[in-house]
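# Starting from these lines, generate the structure:
(chains A, B, C and D)
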2 protein chains.
Amino acid sequence: MKSARTYHHPDLRATLVAEGLRQLERVGTDLSLRAVAKSLGVSPAAPFRHFADRAEFMGALAAEGFVQFTLALTTGREFEPMEALKALGSAYLGFARDHPSLYRLMFSAAGYSLNHPACREAANQAFGTLINAVTRAQNSGWKPGKDEITLATAYWAVLHGWAGISGDGLMPPGVTAMDRGELLDVYLS
Amino acid sequence: MKSARTYHHPDLRATLVAEGLRQLERVGTDLSLRAVAKSLGVSPAAPFRHFADRAEFMGALAAEGFVQFTLALTTGREFEPMEALKALGSAYLGFARDHPSLYRLMFSAAGYSLNHPACREAANQAFGTLINAVTRAQNSGWKPGKDEITLATAYWAVLHGWAGISGDGLMPPGVTAMDRGELLDVYLS
DNA sequence: ACCTGAACACCGTTCAAGT
DNA sequence: ACCTGAACACCGTTCAAGT
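Below you'll find the model as predicted:
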């Protein structure tokens, strides 16, 4: 029924991921693998030649999200340490705001990120970027004496929590204005 | 086929919520309404006499979660303000740790909490408890001059982010030990 | 007023059969 | 090696019919 020309897709795996990322932002984190396949004109069973199951597919999306994330976090190297730390926070919140479903997926406990190895590695790299910025700030006199990993994790927690509250529409009315860096002044004083 | 005795359930709505909360913690946030109905010996269509759709059912679960949450947060009134603030944070993290799926559901943006009115009201009450603790601390000299709602939101963000990172299994190895209050010392110094 | 039974459109997943 | 077609068990949801 189908010509041999289109029977084998050039690179179905990559195309599925690309379309998956598109649908993720459109329909949210419970996107259907069937719908992704259908919009690519491919059979519902086709994705299973490239991903063991839906969880592995979602893990691939999350992994791709983490590399984009790390890229977005690599910023502010030209600033002085304290400004660079704020710039990183600003970039973090900007990414979460611009890719809400992707960000949510990346940090979902549904096992997408947890076991998926590529995903974990990409996440660790993102966290490494954060630690670097914290270390730089600490070397310039910020919060001396505290363990740097603990400090970085706590900073991560502020950003992660802020992104979540904001993204879930739970931010109290008066507070919305400061989601681009001023947040950090509250604790980073 | 069924006797008139068991045909009408005493209080199906409440029973559905109770069983829903049970299954939520067992199978996670993507529990099936059909499975809940089945384990109650009731037809798959029965829940729809009590909830408009699945989202409204999940909203009811989240609302129940928020009242338990508020209860858990009402603690430390006997302590001095700064200790009470830490106790609240400790209780917050304890709740998130003990009810991971419920906590996740409560803050999920899938629309469960957002529109659901009972849920929003319960969430606001929980946030009010937090603001009270922050105000008490501020009146005793903590971070003077900062807007109290902003301050409370930032504190909330630390806790929410910490709970998320911890619950998703993303906490770096060395940091796990301090999830019961010492976290706060990092920023609340 | 509340519940059932059967149906519908959807979903993830499997597997023999096609190219 | 990669994809299809058809099937299976599941799901949310609707609605006429039962109590």
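# Now name the helix or strand holding residue A:24.
In the assignment (DSSP states H and E), residue A:24 maps to helix A:12-27.
# Quick one: check that helix for contact with DNA strand C.
No - judged by CB under 7 Å from any atom of the strand, helix A:12-27 makes no contact with DNA strand C; its nearest approach is 8.8 Å. Using the backbone N, CA and C atoms, a C-beta is placed for each residue, glycine as well.
# Would you mind identifying the next helix or strand past that helix?
Past helix A:12-27, the next helix or strand by DSSP H and E is helix A:33-39.
# follow-up on the earlier one: tell me the buried residues in the helix holding residue A:24?
Going by neighbour count (16 or more other CB atoms under 10 Å in any protein chain shown), the buried part of helix A:12-27 is A:12, A:16-17, A:19-21, A:23-24.
# so what's the backbone phi/psi at residue A:123?
The phi/psi pair for residue A:123 (degrees, to the nearest 10) reads phi -70, psi -40.
# now do residue A:54
Dihedral pair for residue A:54: phi -60, psi -40, per degrees, to the nearest 10.
# pLDDT at it, what is it?
Model confidence at residue A:54, given as pLDDT, is 97.
# Check residue A:100 too.
The per-residue pLDDT reported for residue A:100 equals 96.
# now check the helix holding residue A:24, is it near DNA strand D?
Yes - for helix A:12-27 and DNA strand D, the contact criterion (CB under 7 Å from any atom of the strand) is met by residue A:12.
# which residues touch residue A:34?
Counting by CB atoms under 8 Å, 6 or more residues apart in numbering or on different chains, residue A:34 touches residue A:44.
# ditto for residue A:108
Residue A:108 makes contact with A:29, A:62, B:168, according to CB under 8 Å, 6+ apart.
# Residue A:62 and residue A:113 touch, don't they?
Yes - the criterion here is CB atoms under 8 Å, and residue A:62 meets it with residue A:113 at 5.0 Å.
# Which one's more surrounded, those two?
Taking residue A:62 and residue A:113 together and counting by other CB atoms under 10 Å in any protein chain shown, residue A:62 has the greater number of neighbours (28 against 25).
# Look up which helix or strand residue A:96 falls in, please.
Counting by DSSP H and E, residue A:96 is found in helix A:81-98.
# who does that helix touch, helix- and strand-wise?
helix A:54-73, helix A:117-139, helix A:148-167, helix A:182-187 (3 or more CB pairs under 8 Å, 6 or more residues apart in numbering or on different chains; DSSP states H and E).
# Return the most buried member of these.
With neighbours defined as mean count of other CB atoms under 10 Å in any protein chain shown, these peak in mean count at helix A:148-167, which reaches a mean of 23.
# for that one, packing partners?
Helix A:148-167 packs on helix A:81-98, helix A:100-106, helix A:117-139, helix A:182-187, helix B:148-167, helix B:182-187, going by 3+ CB pairs under 8 Å, 6+ apart.
# Could you say which one of those comes nearest to residue A:175?
Nearest to residue A:175 among the helices and strands packed on helix A:148-167 is helix B:148-167 (4.9 Å), distances taken as CB to CB.
# ok and the closest one relative to helix B:117-139, angle-wise?
Counting by axes from the mean of the first three to the mean of the last three CA atoms, to 10 degrees, helix B:148-167 lies at 110 degrees to helix B:117-139.
# For helix B:148-167, list the C-alpha coordinates in PDB.
Extracted C-alpha coordinates of helix B:148-167, given in PDB (Å, rounded to 0.1, in the frame of the first residue of the first chain):
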ATOM      1  CA  GLU B 148       6.000  40.100  54.100                       C
ATOM      2  CA  ILE B 149       4.100  38.400  51.200                       C
ATOM      3  CA  THR B 150       7.100  38.400  49.000                       C
ATOM      4  CA  LEU B 151       9.200  37.000  51.900                       C
ATOM      5  CA  ALA B 152       6.600  34.300  52.600                       C
ATOM      6  CA  THR B 153       6.500  33.400  48.900                       C
ATOM      7  CA  ALA B 154      10.300  33.200  48.700                       C
ATOM      8  CA  TYR B 155      10.300  30.900  51.800                       C
ATOM      9  CA  TRP B 156       7.500  28.900  50.200                       C
ATOM     10  CA  ALA B 157       9.700  28.600  47.100                       C
ATOM     11  CA  VAL B 158      12.600  27.200  49.000                       C
ATOM     12  CA  LEU B 159      10.400  24.600  50.600                       C
ATOM     13  CA  HIS B 160       8.500  23.700  47.500                       C
ATOM     14  CA  GLY B 161      11.700  23.500  45.400                       C
ATOM     15  CA  TRP B 162      13.400  21.400  48.100                       C
ATOM     16  CA  ALA B 163      10.500  19.100  48.300                       C
ATOM     17  CA  GLY B 164      10.400  18.700  44.600                       C
ATOM     18  CA  ILE B 165      14.100  18.000  44.100                       C
ATOM     19  CA  SER B 166      14.100  15.600  47.000                       C
ATOM     20  CA  GLY B 167      10.900  13.800  46.000                       C
END
